[in-house]
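Chemist: Everything below, folded, please.
(chains A and B)
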Amino acid sequence: MSLALPDPDRAVLARRDDIVKQLAKLVPDAILITDVEGRRTFETDALTAYRCLPLAVVLPSSTEEVSKILRFCHENHVKVVPRGAGTSLAGGALPLEDAIVLCLSRMTKVLAIDVATRTARVEAGITNTGVTQAVAAQGFFYAPDPSSQIACTLGGNVATNSGGAHCLKYGVTVNNVQGVRLVLMDGEIVDIGGEHLDSSGYDFLALIVGSEGQLGVVTEATVHLIKAPEGARPVLLGFDSTEAAASCVGAIIAAGIVPVAIEFMDRPAIHVCEHFVAAGYPLDVEALLIVEVEGSDDEIEYLLEKIEEIARDHNPATIRRSQNAEESALIWKGRKAAFGAIGQLSDYYCMDGVIPLSKLPKALDEIGWICRKYRFDVANIFHAGDGNLHPLILYNANDPLQLERAEQCGAEILKLCVELGGCLTGEHGVGIEKRELMYVQYSDADLEQQMRVKTVFDPEWLLNPGKVFPLEGRPSQ
Amino acid sequence: MRLGFHAPETAEEFAHLVAEAVDTRTPLEVMGRGTKREIGRPVGSGSVVSTERMVGVPLYEPSELVLVAQAGTPLRQIETMLAENEQGLPFEPVDLGPILGYGPGEATIGGVVATNISGSRRVIAGAARDYVLGVKAVNGRGEIIKAGGRVMKNVTGYDIGRLLAGSWGTLAIMTEISLKVLPAQREIRTLLCFGLPDPTGVEALCLAMDTPFEVSGTVHMHAGLAKGLSHPDISGAGVSVTAIRVENFPASARYRASRLKQALAAYGPALELDTTGSRAFWEEIRTLKMFQGTKAPLWRISTTPSGASKLVAGLARKIEVRALYDWSGGLVWLETPPLTDAGAVEVRRTIAELGGHATLIRAEASTRGAIDIFQPLDPPIMALTTKLKQAFDPAGILNPGRMYQGL
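Modeler: Numbers count the residues shown, from 1 in each chain, chains lettered A, B, ... in the order given. Got it, this is the predicted structure:
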């Protein structure tokens, strides 16, 4: 645990009882959690090494309640940590001792589905899968599909601009959300974007998506819906080297084919997943690609043939096309279960760096070397089409020394990603985890400009503070 | 500082120039090659700063689908380079040059991104801003800033790059832009229906979008506009024309066209264009050929498929209009008579009723100085807009007043 949380505001801590009492009166219909046991549930997110008991937790059920709560906190200088399902791997929803956790998990309604504009308006607490379930009957789906999609909320997806396996073709959250209802820290409710494809004036929506809950609290979103394809089918491509797999990915894309997904697993990841799900992955290869294409049967057939033809130029050890829907489901089940499967073997620390695709072999080589240097095993499983790496550093979380070493190891990997022309985080967000690494990627002027944007929306820095920006060098508050 | 025209060659020179402008309180009119200079409120500044000498493509990796271009690089140069590798800009930027009296392809990539003007493929592929991966820019303090990068996914800090897309040079001067590109489509088919009234035409477009065939172009135009196109069966039709585009590899494009024809049987698809014919047709849509050669006011209205034809019909009761619907009805290009306000009162009133927002793309300078060119914003959004402008350009020297009076 090498990252410090900002010093709590003693005056706020001293007024805790009074703040809680006033909140209870202000929003009588919201759920207010004040006891230690209840608050304990919210003390961490999926970056479990960091924990902090919040001042209180409040679960509103409407935008109006969110507005009242924020206005009250603004007037009383109380910090607010917005939260969805708490699946952040970067500590984005980590509470602070002097902060209220504002948890939107009760706001799960589907408010409208408009087939003509191909949009749905939903509350921010709905799960990612919940959106697709709500529109599936009309033949639509919502494209971003992060691994945590069963649990994570759409509001959280907006906060971290989530991607997922299928975003190579369909883009990430920012490309699939058309509007949000946003409550500013002073309680003002604003609608940004909506059912129109273009926004008028500045593109505030682009700022809100990926802002990690620091600019306002999103209570509703208008999402773009995509008509489901006629069918989809994956092919498994196994290779004896990561270089061969990586150059095959580049060749597929250069040939003008953009598969809906290209997933990459290295030997350790393949073995763990196969052991867990029996998906039929080849066990004698160094690298496995799951390449999926969509369309009618003939279209799928044509594309898979093309892809297999390209793969054959890269000396594949295995080419195995899924023969039916059950097999396809199993192939994806193995991939989607990867994090859980590895978690059964060992604690792991999941990284999220992005690199240019052409640097993939070099990056994997160096990552292997860095992990050996820190004496950790590593498993690699990621979205190869977009260069978003997820090295899993396997360590023992109960050993504080190992944890600190794992953090150092992770930081070195992320610095490598930036050196190779990439970035610190592709879809998990900066959170507290990568806060102090921001200067690796950005200059003073770059970060000051971003911080000035933060100040536009939240002049006193009350919303999700202590995240995204290095603790030093912030505007004095 | 020296008034007149400045065209720096490096980001550092831009930074220096802006810093000097701040010191001397000299407003700067920011542009690329000026092909969209007549859009927006006249800036009326003594100094013009152009990116036209920032030309070049420092990085293009076809196998990574990434291109990094200097902001002043002409769109034509980028599109040629992409075409040589069978790739393209997925958002199919509308080329406004020809309707504003300039040649085609002259716009710069910086100008395309700064105005976020996307073409017909936007309906499926997203807007220009969706393909911005990162930018380098000089803000109104004369600081060089970068945001995002050159990789596909990036949530490291706030997305300043996408914010600058569509900010019309009022927040910062972009000097370099990284874009995601995609493979070009090899085979194209266009289905055309004739004589459909507006609501029926838009209905057909929406029905086409409600199929899994990845329809990538959906326009419907009034008879008077169709007359301006080159294909004899279209220009000679004398009725409205509704067009739907599908693409992919050859067998797939043919399959999709045949399935769509069945789905749209009730609307009587009477003509099918092959790849060559389709390219010619959609290029004319992209350069707004039907609005070329006149100076009549032209509006670009964002609406919804369900509201579009009501909006046009509502306006048609008050003033004489000609409309091209794109984005399956989500966008309307509307020509109005040469009234002193370009029809602004009626356009704004109708939008207030039905929702949406309108930007005046073409009008005389006297008109542009007198009315709102961009849709007036709701007070809370306007307040944020003002504060955001200050966060980038506290001295208010970058394109002052171009989007909103006093900003």
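
Chemist: And the helices in the stretch 101-250 of chain B?
Modeler: B:109-115, B:122-125, B:160-164, B:198-209, B:223-226, B:232-235, B:250-263 (DSSP state H, counting those that start in this stretch).

Chemist: now what about the second one, what contacts it?
Modeler: Right, the one you point to is helix B:122-125. By Cβ atoms under 8 Å, 6 or more residues apart in numbering or on different chains, the residues outside helix B:122-125 that reach it are A:197, B:90-92, B:182, B:209, B:214-218, B:326-328, B:330-331. Every C-beta, even on glycine, is put in place using the N, C-alpha and C of the backbone.

Chemist: Looking at those residues, which is nearest residue A:330?
Modeler: Comparing the contacts of helix B:122-125 against residue A:330 with Cβ to Cβ picks out residue B:214 as the nearest, at 27.3 Å.

Chemist: which residues touch the closest one?
Modeler: If you count contacts by Cβ under 8 Å, 6+ apart, residue B:214 has them with B:124, B:246, B:247, B:248, B:256.

Chemist: Of those, just say which sits nearest to residue A:277.
Modeler: Of these, the one sitting nearest to residue A:277 (Cβ to Cβ) turns out to be residue B:248, at 33.2 Å.

Chemist: my guess is the closest one contacts residue B:256, does it?
Modeler: Yes. Proximity of residue B:248 to residue B:256 meets the contact threshold set by Cβ atoms under 8 Å, at 6.5 Å.

Chemist: Residue A:169: helix or strand, and which one exactly?
Modeler: helix A:167-170 (DSSP states H and E).

Chemist: any residue of that helix up close to chain B?
Modeler: Yes. Under the criterion of Cβ under 8 Å from any Cβ of the partner chain, chain B is reached by helix A:167-170 at A:167, A:168.

Chemist: That helix: what's the following helix or strand?
Modeler: Sequence-wise, the next helix or strand downstream of helix A:167-170 (DSSP H and E) is helix A:173-176.

Chemist: Put the alpha carbons of that following helix into CSV.
Modeler: Extracted as CSV, the C-alpha positions of helix A:173-176 are listed here (Å, rounded to 0.1, in the frame of the first residue of the first chain):
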residue,chain,number,x,y,z
THR,A,173,-18.5,3.8,-24.1
VAL,A,174,-17.9,7.3,-25.5
ASN,A,175,-18.8,6.0,-29.0
ASN,A,176,-22.0,4.4,-27.7
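
Chemist: name the helices or strands packed onto that helix?
Modeler: In this structure, helix A:173-176 packs against helix A:154-160, strand A:217-224, with contacts taken as 3 or more Cβ pairs under 8 Å, 6 or more residues apart in numbering or on different chains; DSSP states H and E.

Chemist: Residue A:459: which of the ones you listed is closest?
Modeler: strand A:217-224 (16.0 Å).

Chemist: Identify the residues contacting the next helix or strand after that closest one?
Modeler: Next helix or strand after strand A:217-224 toward the C-terminus (DSSP H and E): strand A:226-227. For strand A:226-227, contacts defined as Cβ under 8 Å, 6+ apart pick out A:118, A:139, A:140, A:141, A:142, A:143, A:170, B:209, B:210, B:211, B:212.

Chemist: Tell me which two of the residues you listed sit farthest apart.
Modeler: Farthest-apart pair in those is A:142 and B:211; separation 18.2 Å (Cβ to Cβ).

Chemist: and those two? which has more neighbours close in?
Modeler: Neighbours were counted for residue A:142 and for residue B:211 using other Cβ atoms under 10 Å in any protein chain shown; residue A:142 has more, 27 against 18.

Chemist: I'd guessed the more buried one sits against residue A:136; true?
Modeler: No. The pair residue A:142 and residue A:136 fails to qualify as a contact (Cβ under 8 Å) at a distance of 9.7 Å.

Chemist: that's a helix at residue B:68, yeah?
Modeler: No. Counting by DSSP: H, G, I helix; E, B strand; the rest coil, residue B:68 is not part of a helix but strand.

Chemist: Tell me how far it lies from chain A.
Modeler: The spacing between residue B:68 and chain A, counted by Cβ to the nearest Cβ, to the nearest Å, is 10 Å.

Chemist: in the lowest-mean-pLDDT helix or strand in chain B, what's buried?
Modeler: Lowest on mean pLDDT, DSSP states H and E among the helices and strands of chain B sits helix B:365-370, with a mean of 90. Judged by neighbour count using 16 or more other Cβ atoms under 10 Å in any protein chain shown, the buried positions of helix B:365-370 are B:367, B:368.

Chemist: Give me the distance between it and the centre of its chain.
Modeler: Between the centre of helix B:365-370 and the centre of its chain there are 21 Å (Cα atoms, centre = their mean, to the nearest Å).

Chemist: Contacts for that helix, please.
Modeler: Here helix B:365-370 makes contact (Cβ under 8 Å, 6+ apart) with B:38, B:40, B:41, B:42, B:297, B:340, B:341, B:342, B:360.

Chemist: Can you tell me which of these are buried?
Modeler: By 16+ other Cβ under 10 Å, the contacts of helix B:365-370 give B:38, B:40, B:41, B:297, B:341, B:342, B:360 as buried.

Chemist: what about residue A:236, helix or strand, and which?
Modeler: Under the assignment here (DSSP H and E), residue A:236 is part of strand A:232-239.

Chemist: Which strands and helices lie in contact with that strand?
Modeler: Strand A:232-239 packs on helix A:242-254, strand A:287-294, helix A:297-312, strand A:316-321, helix A:325-336, going by 3+ Cβ pairs under 8 Å, 6+ apart.

Chemist: quick one: the longest one to strand A:232-239, angle?
Modeler: Going back to what we said before, that points to helix A:297-312. 10 degrees (axes from the mean of the first three to the mean of the last three Cα atoms, to 10 degrees).

Chemist: related to what we said a few turns ago, find the pair from the contacts of helix B:365-370 with maximum spatial separation.
Modeler: Across the contacts of helix B:365-370 (Cβ to Cβ), the longest gap, 18.4 Å, separates B:40 and B:340.

Chemist: what about the residue of the stretch 51-200 of chain A found nearest chain B, how many neighbours?
Modeler: Per Cβ to the nearest Cβ, residue A:200 is where the stretch 51-200 of chain A lies closest to chain B, at 3.8 Å. A count of nearby residues for residue A:200, using other Cβ under 10 Å, gives 20.

Chemist: quick one: contacts for it?
Modeler: Applying Cβ under 8 Å, 6+ apart, we find residue A:200 in contact with B:302, B:357, B:359, B:374, B:375, B:377.

Chemist: Just the CA atoms from stretch A:463-475 would do, formatted as PDB, please.
Modeler: What follows is stretch A:463-475 as a C-alpha-only set of coordinates in PDB (Å, rounded to 0.1, in the frame of the first residue of the first chain):
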ATOM      1  CA  LEU A 463     -16.300  15.200  -6.200                       C
ATOM      2  CA  ASN A 464     -14.200  12.000  -6.000                       C
ATOM      3  CA  PRO A 465     -11.100  13.800  -4.900                       C
ATOM      4  CA  GLY A 466      -7.800  12.100  -4.400                       C
ATOM      5  CA  LYS A 467      -8.100  10.300  -7.700                       C
ATOM      6  CA  VAL A 468      -6.800  10.800 -11.300                       C
ATOM      7  CA  PHE A 469      -4.400  13.600 -10.600                       C
ATOM      8  CA  PRO A 470      -1.100  13.300  -8.500                       C
ATOM      9  CA  LEU A 471      -1.800  14.500  -5.000                       C
ATOM     10  CA  GLU A 472       1.000  17.100  -5.300                       C
ATOM     11  CA  GLY A 473       0.600  20.000  -7.600                       C
ATOM     12  CA  ARG A 474      -3.200  20.400  -7.400                       C
ATOM     13  CA  PRO A 475      -4.700  23.800  -7.200                       C
END
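
Chemist: in the stretch 1-150 of chain A, what spans have low per-residue confidence?
Modeler: A:1 (pLDDT under 70).

Chemist: where do the strands sit along it?
Modeler: Using DSSP state E, counting those that start in this stretch, the strands found in the stretch 1-150 of chain A span residues A:31-33, A:56-59, A:79-83, A:99-103, A:110-114, A:119-123, A:140-141.

Chemist: can you list those strands in TSV and add distance to residue A:425 and mean neighbour count?
Modeler: Rendered in TSV, the data for the strands of the stretch 1-150 of chain A read as follows (distance: least, Cβ to Cβ, whole Å; neighbours: other Cβ atoms under 10 Å in any protein chain shown):
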stretch	distance to residue A:425	mean neighbour count
strand A:31-33	30	17
strand A:56-59	26	22
strand A:79-83	18	27
strand A:99-103	23	27
strand A:110-114	30	15
strand A:119-123	25	24
strand A:140-141	26	20
